[in-house]
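here are the coordinates; sequence isn't available:
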């Protein structure tokens, strides 16, 4: 009779090697000529992982416990057992009253924080009366002055609810919110949330619509913004370093993490050069990432990124407070992975992406509507997106165990591999002179472009399957699915008329003085530009006037095109 084999856990190294070789022979016989897959970051994926890939011998140094260095398993000891992630749905449509109605609906459905997406005209730095009316409100809400913000936040307890302003430099949306708080008598110390599009580097590289002001000017304003918020808004996160733009532009998950961390180091070094204490500003640094449908790769990306950031903060930036080493991030399921073909399949994609973010340890989450490939989500799609998070938390019990994939031979080995790849890319950025120099030279843009092309070639060749696009196709018309209509032209014209009335009724002299002080701060070496943005907003200056003033003083944003 054959002697039974001992359990793998009790095998010596030689015996384990022999057992694995036996399995490998059987595998090769069952899958002859099998290709070796690689994930989106180019890391080779084995068919099986064992203690020979990751043994746990360095558990304390490389994994440890949640809330403790190196934070691989999460930045808080209790993680979701103590507090769930924030359900921060990105909302933006039409005029301020439209936004207000949708916010109240989402809050009633379980969203626990709000995020404001402005109209594309706002992103580009213009007021509603500076662009064709048919372009207004199609992708976000028209917010041009403090009165608009007041209507958008009517009945919303901004002193109790975290808000995220998708608000590129010079951060007028936050300025308008602070002006609303002043009018309501809400202390600024109670305002919590994030300047969600404060990363001018990512805008320069991958989101040109957001890039309003020349790079060096935007760099100056970013540090001024951080300094102002640290002094006046202790509950506000003034910097959100954005990996989402770069990954959606084509960067691999490893590249997106590396570029994001390199940008964070650049901002931190700029703040230190200004004389700021890293233990004062680093606890308020946050991150914003895309979550692709490459499930395990995304989990490993976040675990590795958290570990690398802790090491960078402690060893390179000199932070001594463990709170400074925390890697706080918001995740958004990837719209790039969504398809117009068979759009209901996007519900499954969003669910897988959300699970990857949750298992990766995010602090807040936006789940896309399945119909975002057509328009701003319909009310039905938005409800499904919110319900997806509720189901994963309440029904699937994904919050019961902290870092449930920790200790997996595959996940730990992949986390280590992602860490090595991310650090190698950061080293390449350092060799170029840091992130600002790297993007000015076009290095980062070239790497993203090469990765985007390589991925598309794999899709075209069928090596990367996209269900409904290059495999499992069905004959259906995307037009059969509902999409939001363009905003009613009469409502947009009324919004422009409202802006005209606002300008006529305000104190022109006060606005002129405020904008003059804003220009003076931009010209000086020691004035805080963002402080004057806030003063201008309170005086009645509009978004377009503030952006226009700073463009004249600091230069128009012209991103670098790399071919």
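Happy to help now that I have it. This is a predicted model, so every value here is computed, not measured.

can you give me the helices for the stretch 151-300 of the chain?
Remark: helices assigned in the stretch 151-300 of the chain by DSSP state H, counting those that start in this stretch are 172-184, 200-206, 215-232, 244-248, 253-273, 278-281, 295-311.

now the angle from the fifth one to helix 215-232?
In this case it means helix 253-273. Orientation of helix 253-273 against helix 215-232 (axes from the mean of the first three to the mean of the last three CA atoms, to 10 degrees) gives an angle of 70 degrees.

start at 22, not 1
Sounds good: first residue 22 from here, last item helix 274-294.

how far is helix 274-294 from where the chain is centred?
Centroid separation between helix 274-294 and its chain, computed with CA atoms, centre = their mean, to the nearest Å, is 14 Å.

same list (the helices of the stretch 172-321 of the chain) but as TSV, adding mean pLDDT and mean neighbour count.
(C-beta placed from N, C-alpha, C; glycine too.) Compiled in TSV, these are given as follows (pLDDT from 0 to 100; neighbours: other CB atoms under 10 Å):
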stretch	mean pLDDT	mean neighbour count
helix 193-205	98	23
helix 221-227	94	27
helix 236-253	97	21
helix 265-269	96	26
helix 274-294	98	24
helix 299-302	97	19
helix 316-332	98	25
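
got any ranges where the stretch 22-171 of the chain has weak pLDDT?
Residue ranges of the stretch 22-171 of the chain with pLDDT under 70: 22-32, 110-111.

got the contact list for the one residue sitting closest to the centre of the chain?
Centrality entry for the chain: nearest residue to the mean C-alpha point is residue 309, 2.2 Å, by CA atoms, centre = their mean. Residues near residue 309 by CB atoms under 8 Å, 6 or more residues apart in numbering: 217, 220, 261-265, 350-353.

ok, it to residue 429 distance?
Applying CB to CB, to the nearest Å, the value for residue 309 to residue 429 is 27 Å.

repeat that for residue 284.
Remark: distance between residue 284 and residue 429 (CB to CB) = 30 Å.

next one: residue 527
Here residue 527 is placed at a distance of 60 Å from residue 429 (CB to CB).

ditto for residue 142
Using CB to CB, one obtains 47 Å as the distance from residue 142 to residue 429.

which of the two has more residues huddled nearby?
Using other CB atoms under 10 Å as the criterion, residue 142 and residue 429 rank with residue 142 on top: 25 against 15.

number of residues surrounding the spatially closest residue to the more buried one that is not a sequence neighbour?
Nearest residue to residue 142 in three dimensions, chain neighbours excluded: residue 152, at 4.6 Å (CB to CB, 6 or more residues apart in numbering). Residues near residue 152, counting by other CB under 10 Å, number 18.

residue 152 and residue 192: what is the separation?
Using CB to CB, residue 152 is found at 21 Å from residue 192.

ok, now residue 148?
Distance from residue 148 to residue 192, by CB to CB: 16 Å.

so the two - more neighbours on which side?
residue 192 (28 against 21).

so the more buried one sits right up against residue 554, yeah?
Yes. In this structure, residue 192 is within contact of residue 554 by CB atoms under 8 Å, at 6.4 Å.

which residues are in contact with each of the two?
The contact sets of residue 192 and residue 554 do not overlap (CB under 8 Å, 6+ apart).

for the closest residue to residue 158 other than its chain neighbours, give me phi and psi.
In this structure, residue 158 finds its nearest non-sequential neighbour in residue 508, 4.0 Å apart by CB to CB, 6+ apart. Dihedral pair for residue 508: phi -50, psi 150, per degrees, to the nearest 10.

what's the burial count for residue 508?
With other CB under 10 Å as criterion, residue 508 counts 22.

ok, residue 525 next?
For residue 525, the count of nearby residues is 8 (other CB under 10 Å).

please apply the same query to residue 529.
By other CB under 10 Å, 10 other residues sit near residue 529.

who's in contact with it?
With CB under 8 Å, 6+ apart, residue 529 has no contacts at all.

could you report the neighbour count for the closest residue to residue 181 other than its chain neighbours?
Spatial nearest neighbour of residue 181, excluding adjacent residues (CB to CB, 6+ apart): residue 211 at 7.6 Å. Around residue 211 there are 14 other residues, counting by other CB under 10 Å.

if we can go back for a sec, got TSV for the helices of the stretch 172-321 of the chain, with distance to residue 490 too?
Below are the helices of the stretch 172-321 of the chain laid out as TSV (distance: least, CB to CB, whole Å):
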stretch	distance to residue 490
helix 193-205	36
helix 221-227	23
helix 236-253	36
helix 265-269	17
helix 274-294	20
helix 299-302	44
helix 316-332	19
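
for the ones you listed, which one sits closest to residue 45?
With distances scored as CB to CB, the stretch of those nearest to residue 45 is helix 316-332 (21.5 Å).

how would you label residue 570: helix, strand or coil?
Following DSSP: H, G, I helix; E, B strand; the rest coil, we place residue 570 in the helix state.

and it, what's its pLDDT?
Looking at residue 570, its pLDDT reads 98.

contact partners for it?
Neighbouring residues of residue 570 by CB under 8 Å, 6+ apart: 536, 539-540, 543, 557.

if you set the cut-off to 7 Å instead, what comes out?
536, 539-540 (CB atoms under 7 Å, 6 or more residues apart in numbering).

tell me the spacing between residue 77 and residue 494.
Look at residue 77 and residue 494: by CB to CB, they are 45 Å apart.

got the angle for the lengthiest helix in the chain vs helix 274-294?
Counting residues, the longest helix found in the chain (DSSP state H) is helix 430-452. Helix 430-452 runs at 50 degrees relative to helix 274-294, counting by the same axes, to 10 degrees.

can you give me how far helix 430-452 is from the chain middle?
For helix 430-452, the distance to the chain centre is 20 Å (CA atoms, centre = their mean).

now it: buried residues?
Using 16 or more other CB atoms under 10 Å as the test for burial, helix 430-452 gives 430-440, 442-444, 446-447, 450.

now do stretch 331-348
331, 333-335, 338, 340, 343, 345-348.

and for stretch 573-584?
574-575, 578, 580.

restricted to helices, list these.
The helices, defined by DSSP H, take in 574-575 from the buried residues of stretch 573-584.

what number of residues are in the vicinity of residue 419?
Neighbours of residue 419 under the rule other CB under 10 Å: 18.

looking at it, it is touching residue 413, isn't it?
Yes. Judged on CB atoms under 7 Å, residue 419 makes contact with residue 413 at a distance of 5.0 Å.

name the residues contacting each of the two.
Residues touching both residue 419 and residue 413 (CB under 7 Å, 6+ apart) are 376, 379.

which parts of the stretch 372-521 of the chain are strands?
Using DSSP state E, counting those that start in this stretch, the strands of the stretch 372-521 of the chain run over 385-387.

before we move on, the earlier item: and of the helices of the stretch 172-321 of the chain, who's closest to residue 123?
helix 193-205 (16.6 Å).

how many neighbours does residue 474 have?
Count around residue 474 with other CB under 10 Å applied: 11.
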